[in-house]
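> predicted structure and sequence below. I'll ask about it afterward.
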Amino acid sequence: MAIHIGMLLYPGLTQLDLTAPFELMHRIPGAEVHLVWKDLQPVRADSGLGLLPSATLEGCPPLDVVFAPGGAGQLPLMTDAAVLGFLREHGRAARYVTSVCTGALLLGAAGLLDGYAATTHWAFVELLPMFGARPTPGRVVVDRNRITAGGVTAGLDFGLRLVAELAGERSAQLIQLGLEYDPDPPFRAGHPSVADPELVAEMRAQLASVVATRGASVTQ
(Lines give C-alpha, C1' and ligand atoms only; values in the text may rest on other atoms or scores of the structure.)
Protein backbone atom coordinates (compact mmCIF):
# COMPACT_ATOMS: atom_id res chain seq x y z
CA MET A 1 0.00 0.00 0.00
CA ALA A 2 1.34 3.41 -0.98
CA ILE A 3 2.40 5.93 1.65
CA HIS A 4 1.30 9.38 0.49
CA ILE A 5 3.55 12.21 1.66
CA GLY A 6 2.50 15.77 0.88
CA MET A 7 5.26 18.40 1.00
CA LEU A 8 4.11 21.98 0.71
CA LEU A 9 6.08 23.82 -1.98
CA TYR A 10 5.74 27.59 -2.19
CA PRO A 11 7.56 30.63 -3.58
CA GLY A 12 10.34 31.86 -1.33
CA LEU A 13 10.78 28.70 0.71
CA THR A 14 14.26 27.68 1.87
CA GLN A 15 14.93 24.81 -0.51
CA LEU A 16 17.00 22.69 1.89
CA ASP A 17 14.08 22.69 4.35
CA LEU A 18 12.26 20.69 1.68
CA THR A 19 14.93 18.96 -0.39
CA ALA A 20 16.87 17.48 2.56
CA PRO A 21 13.91 15.46 3.90
CA PHE A 22 12.69 14.83 0.34
CA GLU A 23 15.94 13.01 -0.43
CA LEU A 24 15.12 10.60 2.39
CA MET A 25 11.35 10.37 2.00
CA HIS A 26 11.33 9.39 -1.66
CA ARG A 27 13.48 6.36 -0.75
CA ILE A 28 10.87 4.92 1.63
CA PRO A 29 9.51 1.69 0.12
CA GLY A 30 6.05 2.39 -1.26
CA ALA A 31 6.28 6.16 -0.77
CA GLU A 32 4.60 8.57 -3.16
CA VAL A 33 5.86 12.08 -2.47
CA HIS A 34 3.69 14.95 -3.67
CA LEU A 35 5.17 18.45 -3.98
CA VAL A 36 2.04 20.52 -3.49
CA TRP A 37 1.25 24.09 -4.52
CA LYS A 38 -1.64 26.11 -5.95
CA ASP A 39 -0.68 25.27 -9.54
CA LEU A 40 1.91 23.19 -11.38
CA GLN A 41 4.13 26.04 -12.55
CA PRO A 42 7.79 26.09 -11.40
CA VAL A 43 8.34 27.67 -7.99
CA ARG A 44 11.45 29.68 -7.05
CA ALA A 45 13.04 29.13 -3.66
CA ASP A 46 14.50 32.09 -1.76
CA SER A 47 17.87 31.15 -3.28
CA GLY A 48 16.46 31.32 -6.81
CA LEU A 49 16.50 27.57 -7.32
CA GLY A 50 13.56 26.37 -9.38
CA LEU A 51 11.39 23.52 -8.08
CA LEU A 52 8.47 21.81 -9.80
CA PRO A 53 5.17 21.02 -8.05
CA SER A 54 3.62 17.64 -8.78
CA ALA A 55 0.14 18.18 -7.29
CA THR A 56 -2.19 21.07 -6.57
CA LEU A 57 -3.78 21.91 -3.25
CA GLU A 58 -7.16 20.84 -4.61
CA GLY A 59 -5.91 17.76 -6.45
CA CYS A 60 -3.70 16.28 -3.76
CA PRO A 61 -4.81 12.81 -2.59
CA PRO A 62 -5.43 12.02 1.10
CA LEU A 63 -2.11 12.13 2.91
CA ASP A 64 -0.37 9.94 5.43
CA VAL A 65 2.17 12.69 6.09
CA VAL A 66 1.70 16.46 5.90
CA PHE A 67 4.92 18.47 5.74
CA ALA A 68 5.58 22.22 5.84
CA PRO A 69 9.02 23.78 5.17
CA GLY A 70 10.11 27.26 6.18
CA GLY A 71 11.59 30.28 4.47
CA ALA A 72 10.83 33.94 3.87
CA GLY A 73 7.91 32.97 1.65
CA GLN A 74 6.19 31.55 4.71
CA LEU A 75 5.14 35.05 5.79
CA PRO A 76 2.37 35.74 3.25
CA LEU A 77 1.01 32.23 3.79
CA MET A 78 0.25 32.93 7.45
CA THR A 79 -3.08 34.41 6.36
CA ASP A 80 -3.54 32.46 3.11
CA ALA A 81 -6.90 30.73 3.45
CA ALA A 82 -6.18 28.16 0.71
CA VAL A 83 -2.86 27.05 2.17
CA LEU A 84 -4.01 27.03 5.79
CA GLY A 85 -7.16 25.18 4.77
CA PHE A 86 -5.07 22.55 2.97
CA LEU A 87 -2.86 22.02 6.01
CA ARG A 88 -5.83 21.94 8.37
CA GLU A 89 -7.90 19.53 6.26
CA HIS A 90 -5.12 17.04 5.58
CA GLY A 91 -3.59 17.48 9.02
CA ARG A 92 -6.77 16.25 10.71
CA ALA A 93 -6.58 12.88 8.96
CA ALA A 94 -2.85 12.38 8.42
CA ARG A 95 -0.81 9.88 10.41
CA TYR A 96 1.90 12.50 10.90
CA VAL A 97 1.89 16.31 10.81
CA THR A 98 5.40 17.61 10.34
CA SER A 99 7.65 20.58 9.64
CA VAL A 100 11.19 21.82 9.35
CA CYS A 101 12.35 25.28 10.46
CA THR A 102 9.65 27.99 10.32
CA GLY A 103 7.29 25.58 8.63
CA ALA A 104 6.21 25.05 12.25
CA LEU A 105 4.73 28.55 12.21
CA LEU A 106 2.54 27.55 9.26
CA LEU A 107 1.35 24.50 11.18
CA GLY A 108 0.67 26.79 14.12
CA ALA A 109 -1.28 29.25 11.98
CA ALA A 110 -3.40 26.32 10.78
CA GLY A 111 -4.16 25.42 14.41
CA LEU A 112 -2.20 22.17 14.26
CA LEU A 113 0.27 22.74 17.12
CA ASP A 114 -2.07 23.87 19.90
CA GLY A 115 -1.20 21.82 22.98
CA TYR A 116 1.81 20.11 21.39
CA ALA A 117 5.51 20.21 22.17
CA ALA A 118 7.35 21.60 19.15
CA THR A 119 10.47 23.26 17.87
CA THR A 120 11.59 25.46 14.98
CA HIS A 121 14.70 27.43 14.01
CA TRP A 122 16.34 28.61 17.24
CA ALA A 123 15.79 32.28 16.37
CA PHE A 124 12.00 31.82 16.16
CA VAL A 125 11.28 29.42 19.02
CA GLU A 126 9.88 32.30 21.08
CA LEU A 127 6.98 32.59 18.62
CA LEU A 128 5.67 29.06 19.18
CA PRO A 129 3.63 29.84 22.33
CA MET A 130 1.55 32.28 20.25
CA PHE A 131 0.02 29.18 18.65
CA GLY A 132 -0.45 27.27 21.90
CA ALA A 133 2.65 25.14 21.26
CA ARG A 134 5.21 24.30 23.96
CA PRO A 135 8.75 25.15 22.84
CA THR A 136 10.87 22.08 23.52
CA PRO A 137 14.66 21.69 23.17
CA GLY A 138 15.83 19.27 20.54
CA ARG A 139 16.88 19.13 16.92
CA VAL A 140 13.79 16.99 16.26
CA VAL A 141 10.81 17.02 18.64
CA VAL A 142 8.14 14.33 18.57
CA ASP A 143 4.84 14.75 20.41
CA ARG A 144 2.32 12.08 19.50
CA ASN A 145 1.93 12.41 15.72
CA ARG A 146 3.52 15.86 15.49
CA ILE A 147 7.17 15.86 14.39
CA THR A 148 8.88 19.24 14.15
CA ALA A 149 12.53 20.05 13.48
CA GLY A 150 14.89 22.94 13.98
CA GLY A 151 16.40 25.07 11.25
CA VAL A 152 17.23 24.01 7.70
CA THR A 153 19.86 21.26 8.10
CA ALA A 154 17.78 19.62 10.83
CA GLY A 155 15.67 18.37 7.94
CA LEU A 156 18.09 15.48 7.48
CA ASP A 157 17.71 14.33 11.09
CA PHE A 158 13.96 14.86 10.82
CA GLY A 159 13.83 12.82 7.63
CA LEU A 160 15.62 9.89 9.23
CA ARG A 161 13.27 9.99 12.20
CA LEU A 162 10.24 9.99 9.92
CA VAL A 163 11.62 7.12 7.82
CA ALA A 164 12.07 5.13 11.03
CA GLU A 165 8.48 5.87 12.03
CA LEU A 166 7.11 4.83 8.64
CA ALA A 167 9.40 2.00 7.59
CA GLY A 168 11.40 0.96 10.66
CA GLU A 169 14.82 1.80 12.02
CA ARG A 170 16.65 -0.65 9.75
CA SER A 171 15.27 1.07 6.65
CA ALA A 172 16.29 4.44 8.07
CA GLN A 173 19.79 3.16 8.81
CA LEU A 174 20.16 1.69 5.33
CA ILE A 175 19.13 5.00 3.76
CA GLN A 176 21.51 6.88 6.04
CA LEU A 177 24.36 4.59 5.03
CA GLY A 178 23.53 4.81 1.33
CA LEU A 179 23.56 8.62 1.52
CA GLU A 180 26.75 8.59 3.65
CA TYR A 181 25.15 10.89 6.18
CA ASP A 182 27.94 10.97 8.76
CA PRO A 183 28.22 14.68 9.65
CA ASP A 184 31.56 16.03 10.74
CA PRO A 185 31.35 19.84 10.46
CA PRO A 186 34.58 21.82 10.55
CA PHE A 187 33.18 24.21 13.18
CA ARG A 188 31.09 23.92 16.35
CA ALA A 189 28.94 26.90 15.48
CA GLY A 190 25.61 25.46 14.42
CA HIS A 191 23.49 26.34 17.47
CA PRO A 192 23.57 29.04 20.17
CA SER A 193 24.23 26.36 22.77
CA VAL A 194 27.64 25.60 21.27
CA ALA A 195 28.59 28.66 19.18
CA ASP A 196 30.82 31.50 20.34
CA PRO A 197 28.61 34.04 22.17
CA GLU A 198 29.90 36.84 19.92
CA LEU A 199 28.76 34.90 16.85
CA VAL A 200 25.36 34.33 18.45
CA ALA A 201 24.98 38.02 19.24
CA GLU A 202 25.95 38.98 15.68
CA MET A 203 23.50 36.52 14.15
CA ARG A 204 20.69 37.58 16.49
CA ALA A 205 21.28 41.17 15.40
CA GLN A 206 21.10 40.14 11.74
CA LEU A 207 17.87 38.23 12.31
CA ALA A 208 16.18 40.74 14.65
CA SER A 209 14.08 42.42 11.96
CA VAL A 210 13.07 39.06 10.49
CA VAL A 211 12.00 37.78 13.90
CA ALA A 212 10.01 40.97 14.51
CA THR A 213 8.30 40.69 11.12
CA ARG A 214 7.32 37.09 11.70
CA GLY A 215 6.09 37.95 15.18
CA ALA A 216 3.94 40.71 13.73
CA SER A 217 2.48 38.30 11.19
CA VAL A 218 1.34 36.06 14.04
CA THR A 219 -0.50 38.81 15.86
CA GLN A 220 -2.29 40.21 12.82
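Great, that's in hand. Everything numeric in this text was worked out from a predicted model, so none of it was measured.

> quick check: buried residues in the longest helix belonging to the chain?
The longest helix of the chain (DSSP state H) is helix 197-219. Neighbour-count burial for helix 197-219 flags 200, 214, 217 (criterion: 16 or more other CB atoms under 10 Å). No exception for glycine: its C-beta is placed from N, CA and C like everyone else's.

> of all those, which comes closest to Thr98?
Arg214 (19.6 Å; CB to CB).

> and the strands in the chain?
Using DSSP state E, the strands assigned to the chain run over residues 3-8, 31-37, 43-44, 50-51, 55-56, 65-68, 96-100, 117-118, 134-135, 140-143, 146-149.

> tell me the centre residue of this protein?
Val100 (2.2 Å; CA atoms, centre = their mean).

> shouldn't that residue be in contact with Asp157?
No - the pair Val100 / Asp157 is not scored as a contact, 9.6 Å apart, by CB atoms under 8 Å.

> anything in contact with each of those two?
Ala149 (CB atoms under 8 Å, 6 or more residues apart in numbering).

> what about the longest helix of the chain, distance to the chain center?
With CA atoms, centre = their mean, to the nearest Å as the basis, helix 197-219 stands 19 Å off its chain's centre.

> now do that helix, average pLDDT.
Per-residue pLDDT values over helix 197-219 give a mean of 90.

> what do you get for stretch 32-49?
The average pLDDT for stretch 32-49 rounds to 98.

> likewise stretch 128-148?
Stretch 128-148 shows a mean pLDDT of 97.

> what's the first-to-last distance across it?
End-to-end distance of stretch 128-148 (CA to CA, to the nearest Å): 11 Å.

> would you mark the buried spots in it?
Counting neighbours by 16+ other CB under 10 Å, stretch 128-148 gives 128, 131, 133, 135, 139-143, 146-148 as buried.

> likewise stretch 29-41?
Residues of stretch 29-41 classed as buried under the neighbour-count rule (16+ other CB under 10 Å) are 31-38.
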